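test case, fold it:
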Amino acid sequence: MEETVRCPWCGTDPLYVRYHDEEWGKPVHDDQKHFECLTLESAQAGLSWITILRKRENYRLAYADFEVQQVASFTDEDVERLLSDSGIVRNRRKIEASINNAKQFIKLQEEFGSFDSYIWSFVNDAPILNAWNRLEDVPATTELSERLSKDLKRRGFKFLGPTTVYAHLQATGLVNDHLTSCTFR
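Residues are numbered from 1 along each chain as shown. Modelled structure (predicted):
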């Protein structure tokens, strides 16, 4: 039986390993999943991804399972509710950005038919398959993530800089950055 080799960033935490094996780098074409990932990745800024993964179920409860229309209609009372929810990252700017981003997300859906159509157009509808041999070789940003981040900011999105956008591209399979040695490449 062949040995399973994983990208070293996921370590041995079962939640992290499952995320690596079952989600990370797999192409996403579902707008709700895109919105969930964008929201979680913007919440992660300055924190570790495992911290956010451990809070993901709480986020799903707090954010109406990432139904973008519902999140876009969140009120000041919802912001206060979220700020008092110890199951999520309680940062006012990130929470307000997530509600703002839901509104911008809907505008992109209206303009392009879906957020998925919009974002996949940046990679000509085909995943970019990188061939990194070492974790140190994987960049934190690329020209693509800088261009996409700039376009999202121009469209009113917040907390989606080039590093966060690159994390989204990796997580949702627009960019496959599994190492060449990884079984899940």
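
can you give me the strands in this structure?
Listed in chain order, the strands of the chain (DSSP state E) span 128-129, 175-176.

of all these, which one is nearest residue 51?
For the strands of the chain, the distance to residue 51 is smallest for strand 175-176, at 22.7 Å, taking Cβ to Cβ. In short, each C-beta sits where N, CA and C put it, glycine included.

give me the distance between the closest one and the centre of its chain.
Its chain's C-alpha centre lies 13 Å from the corresponding centre of strand 175-176 when counted by Cα atoms, centre = their mean, to the nearest Å.

other residues contacting that strand?
The set of residues external to strand 175-176 that reach it, using Cβ atoms under 8 Å, 6 or more residues apart in numbering, is 25, 123, 127-130, 142, 144, 166, 169-170, 185.

redo that, cut-off 10 Å
Outside strand 175-176, the residues that touch it by Cβ atoms under 10 Å, 6 or more residues apart in numbering are 24-27, 123, 127-132, 138, 142, 144-145, 166-170, 182, 184-185.

where's residue 129 relative to residue 174, distance?
11 Å (Cβ to Cβ, to the nearest Å).

more neighbours: the two, which one.
Neighbour comparison, residue 129 and residue 174: the larger count goes to residue 174, with 24 against 11 (by other Cβ atoms under 10 Å).

returning to that earlier point: what's the closest of the strands of the chain to residue 17?
Nearest of the strands of the chain to residue 17, taken as Cβ to Cβ: strand 175-176 at 18.0 Å.

OK, contacts around residue 60?
36, 40, 66, 87.

neighbours of the last one, how many?
Pointing back at residue 87 there. Residues contacting residue 87 under the criterion other Cβ under 10 Å number 15.

tell me how far it lies from residue 81.
For residue 87, the distance to residue 81 under the criterion Cβ to Cβ works out to 12 Å.
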